[in-house]
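**Q** Have a look at this prediction, sequence included:
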Amino acid sequence: MSVNRRRTTNTIEVNFLARWLVIVFLIGLAGLFFVYLKNQQHAVGNQSRLVEAALREEEGRDEALKAQITSMTSRGALQHRLDDGYITLQAIRDTAIARVTPPAPAEVDGVLRTASRDPESRFGPGVPQRAVNR
Amino acid sequence: MKGTGERIGVVCALLVLIFTAFAWRLIHLQILKHDYYQEIAAEKHDTRQVIQARRGRILDRNGEELAVNVPVQMVYADGSHIQKPAAVAGVAAPFLEMTPEELTEKLTTKSKYVVIRKGVSEEKAQDMIRALEKANLHGLYLQEGSVRSYPNGEMLCDVLGYVDHTGHGADGIEKTCDDALTGQEGFRWIEHDRKGREIVVYRGQEQLPENGSDIRLSIDMGLQAIAEREVDAAYKTNHPASATAILADPNTGEILAMASRPNYDPNKFNQAKSEEMRNRAISDIYEPGSVFKIVVTSAAYNEGIVNDKTQIFCENGHFSYGGKIIKDHHGSGDLSIPEILMKSSNIGAAKISLRMKDQMFYDYVRKFGFGTRSGIPLPGEIPGQVIPPHRWDMLTKTRVAFGQSISVTPIQMVMAMSAIANGGKLLKPKLVMSKGEGSAELTEAPVAQVVKTESANYIANALEKVVGNQGTAPLARIEGYRVAGKTGTAQKISPHGGYLEGRYIVSFAGFFPVNKPRIMGIVIVDDAKLGETANYGGSVAGPVFAKIGEKAARHLDMDPEPTDSVSKQDSSTAAVSAR
């Protein structure tokens, strides 16, 4: 009897089942992971969009402020303020100027230069003179 | 049992058929109709986002900003994203300085791109977007842009020009260097979601913009400010029709300053009158008067027709030639070449021209750059008018010799006088030093050697006497420097032919220091309201030149010349003796 029952009962192939369960589980896991990564990608993309927008906004504000500073400190604007009396020009006496290099002495013509243009006194002996920015 | 098997077979067959149909449909949609549906999807979601290139700045030779960009936003609507136009308008209208009704009307559209307002400030635009997001409303978007700003206002307006509503240069350097300044706009293909937000993951092809190059001019804003101030003062004091001043480096042809009145503010160019927008330095022609005597004298000296021993009899001020009388302001007898220049003798200049062949004289006039555009990189330059010898009558040559019957532009006169200052080389005026950061400095080769160095130096030394006590322009002297120059006082041409009585264009063109010229300048005052007795080049334009020169020398920290050489010019003031 017992022999017959064993013959009519299907055996569960645990190994086979387990293998497929693992495969399906892994595929499922991979799918979920893929969805997770995709979500992450979108979230990061969204974040970067927001950061880019914020950066653009800041850049724009920075440029706008720079343009404002340029127009407020331009020669023309300062001239207008000078003419309107909002600012004045004060002569600076020679004694009030602190020089980092010693001033050039008066030359043979007796004229004292407003700035030292002697390369050695400005940059030290042997140092080539830097181009004077006009 | 058999029946069960058949039923199962039928069900399976049906299932196979159904799934085959689905599979076929899938193949149809995904493969056969792929391009068609992709196009529809792309049309709905893909957008080519333009990335604007920044327009290059314009700088002076020391890097001072002359034209900059102020970022602004353009607000546009995508009608397909707007569910409630009235609600969106209610929130956005105050930021756009529009009424809600006006905005609602514009927003009631299915169009995907409707420009709502241009030139909205960065701050207002961002505030508007935040307010819309807070109210959970969509459909209004921003597109970056910029407006051109000229921080110095009217200063240097003729050189800078302006940018029109299309964002391209319409005048001045903005126009001539438009290609370099504009750059190349970029783009990015983007997909957006139902709410119009970009889906960054599906960002497509992208090309970054190439920003425009910065243009560095030869203009020195320190000198420009000096020239502007003095020209402005002359304009307000003498009430002329116009006043112009140009400063240049005679050794390189670099234009250091260019100012004229009337002028305009390029920030408000649409409010300017056409009269104010003309760059008189390059587009106004005038009869130069006695300044032109430098051409005939240097040409004759260069050809050996006259020399330092030559004496010309100046007919005591009245010379009858060709049935007409040529007059001098002060009659003289025999005069040397330097004396002819010093006293500005018309008769002397006319007689020198008569010693030259017509074609030779004409060739020298052309070699000095008259009758040809100087090539300054500004729009609207005109070549002036030089009558060719075959159209001359008996008097033409003598008239041209003292600056009549010829029309020149101020820039031509500057370059011609520079040729005298630099040893005879005619230079092309240089206004653009470099294009783009770190780019090599643009160099210009001399156009021609007009006269020999020796001839140029001889005339330069002779011109030094013009600012002496006996000369026509003692008021053009600059303390501490040897100045050479020539005055010009020319009657204005009547549009109906002939000359206008009592109306003059006066000028002074000069350079200093004589032995090593660094500054070349011209001042032209057109029709000053001073009366005939006071309206001379030496008394109106000369002092303006002196004031500009004195301040320019201080600005450039130029070494004053040794006192003994300057004293040759006799520093005591004297009345103007001749035109």
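**A** In hand now; what should we look at? Numbering: from 1, shown residues only, chains lettered A, B, ... in the order given.
**Q** Poorly predicted segments of chain A, please.
**A** Along chain A, the parts satisfying pLDDT under 70 run over A:1-7, A:99-134.
**Q** those helices in it, which residues are they?
**A** For chain A, the helices defined by DSSP state H occupy A:2-8, A:14-73, A:75-84, A:119-123.
**Q** Now the element after the helix or strand encompassing residue B:488, going C-ward?
**A** In the assignment (DSSP states H and E), residue B:488 maps to strand B:484-493. Once strand B:484-493 ends, the next helix or strand along the chain (criterion: DSSP H and E) is strand B:499-512.
**Q** Tell me the strands beside that following strand, with direction?
**A** Counting by DSSP bridges, the strands paired with strand B:499-512 are strand B:484-493 (antiparallel), strand B:519-526 (antiparallel).
**Q** per the record, what domains does chain A have?
**A** Per the record, chain A has its domains at A:12-83, A:97-124, by automatic domain parsing.
**Q** Make CSV from the ones you listed and add distance to chain B and mean neighbour count to it.
**A** Placement of C-beta: from N, CA and C, glycine included. Shown next, in CSV, are those (distance: least, CB to the nearest CB, whole Å; neighbours: other CB atoms under 10 Å in any protein chain shown):
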stretch, distance to chain B, mean neighbour count
domain A:12-83, 3, 13
domain A:97-124, 5, 12
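**Q** can stretch B:130-149 be found next to chain A?
**A** Yes - Stretch B:130-149 comes into contact with chain A (CB under 8 Å from any CB of the partner chain), by way of B:144, B:146, B:149.
**Q** Look at the last one and report its pLDDT.
**A** This means residue B:149. Predicted confidence (pLDDT) for residue B:149: 92.
**Q** Contacts only, for it.
**A** Going by CB atoms under 8 Å, 6 or more residues apart in numbering or on different chains, residue B:149 touches A:67, A:70-71, B:67-70, B:267.
**Q** what does the first one give?
**A** Residues counted as contacts of residue B:144 (CB under 8 Å, 6+ apart) are A:56, A:60, B:52, B:71, B:73-74.
**Q** Regarding it, what is its secondary structure?
**A** With DSSP: H, G, I helix; E, B strand; the rest coil as the basis, residue B:144 sits in strand.
**Q** how near is it to residue B:506?
**A** When distance is defined by CB to CB, to the nearest Å, residue B:144 is 51 Å away from residue B:506.
**Q** in what helix or strand does the residue nearest to residue B:340 when sequence neighbours are not counted lie?
**A** Spatially, and ignoring its direct neighbours in sequence, residue B:340 is nearest to residue B:348 (3.4 Å; CB to CB, 6 or more residues apart in numbering or on different chains). Using DSSP H and E, residue B:348 falls within helix B:346-355.
**Q** tell me what that helix is packed against?
**A** helix B:293-302, strand B:312-313, strand B:318-321, strand B:324-327, helix B:337-343, helix B:396-401 (3 or more CB pairs under 8 Å, 6 or more residues apart in numbering or on different chains; DSSP states H and E).
**Q** rewinding a little: what is the nearest of the contacts of residue B:144 to residue B:120?
**A** Nearest to residue B:120 out of the contacts of residue B:144 is residue B:73 (CB to CB; 4.9 Å).
**Q** okay, now the closest one: neighbour count?
**A** By other CB atoms under 10 Å in any protein chain shown, 24 other residues sit near residue B:73.
**Q** which bits of the stretch 401-550 of chain B sit near chain A?
**A** With CB under 8 Å from any CB as the criterion, the stretch 401-550 of chain B meets chain A at residues residue B:480.
**Q** Can you show me the strands along the stretch 401-550 of chain B?
**A** B:406-407, B:425-426, B:432-435, B:448-449, B:484-493, B:499-512, B:519-526 (DSSP state E, counting those that start in this stretch).
**Q** deepest of the ones you listed, which one?
**A** Most buried of the strands of the stretch 401-550 of chain B, by mean neighbour count (mean count of other CB atoms under 10 Å in any protein chain shown): strand B:519-526, with a mean of 28.
**Q** Would you mind writing the CA trace of it as CSV?
**A** The C-alpha trace of strand B:519-526 is given here as CSV (Å, rounded to 0.1, in the frame of the first residue of the first chain):
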residue,chain,number,x,y,z
ILE,B,519,49.0,114.0,-27.9
MET,B,520,47.5,115.1,-31.1
GLY,B,521,44.3,117.1,-30.8
ILE,B,522,41.7,118.9,-32.8
VAL,B,523,39.0,121.2,-31.6
ILE,B,524,36.3,122.4,-34.1
VAL,B,525,33.6,124.9,-33.1
ASP,B,526,30.9,125.4,-35.7
